[in-house]
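Trainee: coords please:
(chains A and B)
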Amino acid sequence: MTTTKTDGPAASYTGSRHATPATQREKKEIKLFSGFAHVALAVWGLLVIAPLIWVILASFKSNAEIFTQAPFSLPSKISFETYKTAWTEAHVGRYFLNSVFVVALSTAGTMLLGSMAAYVLARYKFVGNRFIYYLFVSGLAFPVFLALVPLFLILQNLGLLNTYTGLILVYIAYSLPFTVFFMTAFFKTLPNQIAEAAIVDGASHTRLFFQVMLPMAKSGLVSITIFNIVGQWNQYLLPVAIMQGAGAQEKWVLTQGIANISVSAGYQANWAALFAALTLSILPMIIVYAFFQRQIQSGLTAGATK
Amino acid sequence: MKHGRYPFIIGFLIVPVAIYGTFVIAAYVQAFQLSFTNWRGFSPDVSYIGFDNFVKLFQDSTFWKAIQHHILLLIFLPLLTIILALFFAFLLNVGGGSKGGRTRGVWGSKFYRVVFFFPQLLALALVAVIFSRVYSSDDSGLINGLLNQVGAGPVLFLADKNLALWSILAVLVWQAVGFYVVLFSAGMGSIPTEIYEAAALDGATRGTLFFKVTLPLLWNTLQVAWVYLGIAAFDAFALVNVMSVDRGGPDGATTVLGLEIYRNAFDYAQFGYASAMGVVLFFLTITFAALTLRVTRRDAIEL
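Mentor: Here you go, the predicted structure:
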């Protein structure tokens, strides 16, 4: 993620030492270009931020204000009434906690199982190693839509439809291809000497993995953990396919819950509460992003730069 | 060290392989199998009907509508996203003019990058809810609220057949651009500054720099971006499901294969037919990815 800010000792050929008319013209051109660059970037920045600010402003307005006032006008008074409605009546609080619960367990499971499999596939020779590796990696080529119907049936047969266990297992299963793919490559880059030294000291394979190799793979683990947390937190198709049926609504995750509030006609009377619900789901992301933006950017782009 | 090797290997692989086999591999295999049946989910015996589902599919006008929408998304989502992202990444990295023969990013480029990337963190379903409000046809919508201020009439973004899919495409671009700005910036950052210096020495303008230096050296990254965005163009389920009028409407003007699969499976219990659609979607995706990689293949430029 580093920009081109190398301050090497490169000699400056076009420096300001010789202020010829040519370099002056060049300077003018650069200023113009730079100004144009700022305008273009600021416009896009505004396009990104404006809808989010608008959502937050609207969450403090009453329903009538939303319809009659200018979009970016300030609310007449700051009231958290809409938030109370969103949290309790619209169940955003429950959806939020459901999401936290499911993603915490499924990401932990994905990382544990994914790095175990990747480690063995990366560093041990055995019959079927390549086969299992390609089996995992092939999962990257299939669209989830293809699996939708059978997945539903498999979960139904196992009695896991509309359960957290089912959803968590499915999240893990569909996160494994990329996790295994990435972590296998990562484990392969780790040096052998330390592993050999640990073996000489009499460490078992299991201890070697947990106490030596995993700590060494920390940077890769962090990237992929972030990748999985964001991916699973934002998942929409899998929960709407799996969490349906009687009593499902209590177990919905945030994406599903918010989408339903927006779609369901019965709720349309209260847009303000919808905006509050949206704010409640956006704000945590902004806060987390403010602290970890560097890690998050590198974690999410890890897949594309590999 | 041979001791306990196989028990260890098996012990570490058995759970991940079992979970993956049950929920992913078995599901994909069954999908192909189901696509040749007329199963509706209730009858105990399943009968194989050969290619009937596929024949029916190819005569289904909704299917062809969905394909048309995918083609439109497939062209414009990567094109618009990549052009915008390349443009911004170039401005961020080398827009600040040269000092000592070296190009720099504009002032505040770090801030822009952070802001641009943020939508990537939001779930598409959430983005869909936000924009279904932004596009709202009455004065409560962001855009129509602003238009009303200047006295312009309401634009029916999602209810107008000719506008609906473009409105959804715009949201996809809105969300994706930041990710590719970061990706291309990383790629541009790894291009040695000496190359830019040398080109600048030879009197290259900014445009030449961009087309003759940056673009060829970024080719691999662009390829990845095109494949990723193309795959995203075959999805769009969350947006269409949440934003569009009558789910895929108005009058089927925004429907996509993902939505049709979901609808046939869970609304009409047409399990066989939905699976056949899934199979077609799979072959379309894989053909697209393979074609893109094949057509755009160039010799990598070694730095």
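Trainee: Could you find the closest non-adjacent residue to the residue of the stretch 201-306 of chain A at minimum distance from chain B?
Mentor: Chain B sits closest to A:Asn234 of the stretch 201-306 of chain A, with a gap of 3.5 Å, by CB to the nearest CB. (Each C-beta comes from the backbone N, C-alpha and C, glycine too.) Leaving aside its chain neighbours, A:Asn234 sits nearest to B:Ala123 (3.5 Å; criterion: CB to CB, 6 or more residues apart in numbering or on different chains).
Trainee: The one you found touches A:Gln232, doesn't it?
Mentor: No - using CB atoms under 8 Å, B:Ala123 is not in contact with A:Gln232, being 10.3 Å away.
Trainee: and for these two, which residues touch both?
Mentor: Here B:Ala123 and A:Gln232 share no contacting residue, scored by CB atoms under 8 Å, 6 or more residues apart in numbering or on different chains.
Trainee: how many neighbours does residue 113 have?
Mentor: You didn't pick a chain, so chain A it is. For A:Leu113, the count of nearby residues is 24 (other CB atoms under 10 Å in any protein chain shown).
Trainee: wrong one, I was asking about chain B
Mentor: B:Arg113: 23 surrounding residues under other CB under 10 Å.
Trainee: one step back: please name the residues that touch the residue of the stretch 201-306 of chain A closest to chain B.
Mentor: A:255, B:122-126.
Trainee: and the gap between it and A:Thr110?
Mentor: 15 Å (CB to CB, to the nearest Å).
Trainee: Backbone torsions only: list them for A:Ala276.
Mentor: Torsion angles at A:Ala276 (phi, psi; degrees, to the nearest 10) stand at phi -60, psi -40.
Trainee: All the helices of chain A, residue numbers only.
Mentor: Taking DSSP state H, the helices of chain A run over residues A:21-59, A:63-68, A:81-84, A:92-123, A:129-138, A:144-157, A:164-189, A:192-200, A:205-207, A:214-216, A:218-233, A:237-242, A:254-263, A:271-305.
Trainee: Could you tell me which residues of the stretch 201-303 of chain B lie near chain A?
Mentor: B:201, B:206, B:221, B:224-225, B:228, B:231, B:234-235, B:237-238, B:241-242, B:257-258, B:261-262, B:265-266, B:271, B:274-275, B:278-279, B:281-282, B:285-286, B:289 (CB under 8 Å from any CB of the partner chain).
Trainee: got CSV for the helices of chain A, with mean pLDDT too?
Mentor: Shown next, in CSV, are the helices of chain A (pLDDT from 0 to 100):
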stretch, mean pLDDT
helix A:21-59, 81
helix A:63-68, 77
helix A:81-84, 83
helix A:92-123, 93
helix A:129-138, 91
helix A:144-157, 89
helix A:164-189, 92
helix A:192-200, 84
helix A:205-207, 86
helix A:214-216, 89
helix A:218-233, 89
helix A:237-242, 90
helix A:254-263, 84
helix A:271-305, 83
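Trainee: Run a quick neighbour tally on A:Leu140.
Mentor: Neighbours of A:Leu140 (other CB under 10 Å): 11.
Trainee: Repeat that for B:Gln59.
Mentor: 9.
Trainee: How much space separates it from B:Asp52?
Mentor: Counting by CB to CB, the gap from B:Gln59 to B:Asp52 is 11 Å.
Trainee: who touches B:Ile25 in this structure?
Mentor: With contact taken as CB under 8 Å, 6+ apart, B:Ile25 is in contact with A:135, A:139.
Trainee: Please apply the same query to B:Phe54.
Mentor: B:Phe54 neighbours (CB under 8 Å, 6+ apart): B:35, B:276, B:279-280.
Trainee: top of those residues by neighbour count?
Mentor: B:Ala276 leads the contacts of B:Phe54 on contacts (other CB under 10 Å) with 27 neighbours.
Trainee: Let's verify it: helix, strand, or coil?
Mentor: helix (DSSP: H, G, I helix; E, B strand; the rest coil).
Trainee: Tell me the backbone dihedrals of A:Ile78, please.
Mentor: Dihedral angles (degrees, to the nearest 10) for A:Ile78: phi -90, psi 110.
Trainee: tally of neighbours for it?
Mentor: A:Ile78, neighbours per other CB under 10 Å, totals 7.
Trainee: So the closest residue to it other than its chain neighbours versus A:Val144, what's the distance?
Mentor: Spatial nearest neighbour of A:Ile78, chain neighbours left out: A:Phe60 (5.6 Å); criterion: CB to CB, 6+ apart. Relative to A:Val144, A:Phe60 is positioned 38 Å away (CB to CB).
Trainee: At which residues are the helices of the stretch 151-300 of chain B located?
Mentor: B:164-189, B:193-201, B:206-208, B:215-217, B:219-233, B:237-243, B:257-262, B:271-295 (DSSP state H, counting those that start in this stretch).
Trainee: can you give me the angle the first one makes with helix A:21-59?
Mentor: What that stands for is helix B:164-189. Between helix B:164-189 and helix A:21-59, the angle comes out at 130 degrees (axes from the mean of the first three to the mean of the last three CA atoms, to 10 degrees).
Trainee: Just give me how far helix B:164-189 sits from the chain centre.
Mentor: Remark: helix B:164-189 is offset 9 Å from the chain centroid, using CA atoms, centre = their mean, to the nearest Å.
Trainee: Report the angle between that helix and helix B:193-201.
Mentor: Using the same axes, to 10 degrees, helix B:164-189 lies at 100 degrees relative to helix B:193-201.
Trainee: Can you mark which positions in helix B:164-189 are buried?
Mentor: B:164-165, B:167-189 (16 or more other CB atoms under 10 Å in any protein chain shown).
Trainee: of these, list those near chain A.
Mentor: By CB under 8 Å from any CB, the members of those lying near chain A are B:174, B:177-179, B:182-183, B:185-186, B:188-189.
Trainee: and the nearest residue to A:Ile282 once chain neighbours are set aside, how many residues sit next to it?
Mentor: Of all residues beyond its chain neighbours, the one nearest A:Ile282 is A:Leu52 (6.4 Å), with distances taken as CB to CB, 6+ apart. The number of residues packed near A:Leu52 is 18, by other CB under 10 Å.
Trainee: A:Leu52 touches A:Met285, doesn't it?
Mentor: No - between A:Leu52 and A:Met285 there is no contact under CB under 8 Å: 10.1 Å.
Trainee: Right, and chain A sits closest to which residue of the stretch 201-303 of chain B?
Mentor: Of all residues in the stretch 201-303 of chain B, B:Gly278 sits closest to chain A, at 3.7 Å by CB to the nearest CB.
Trainee: That residue against B:Ala31, yeah?
Mentor: Yes - counting by CB under 8 Å, B:Gly278 touches B:Ala31, with 5.3 Å between them.
Trainee: who touches both of the two?
Mentor: Residues touching both B:Gly278 and B:Ala31 by CB under 8 Å, 6+ apart: A:146-147, A:149.
Trainee: what subset of these is also close to chain B?
Mentor: A:146-147, A:149.
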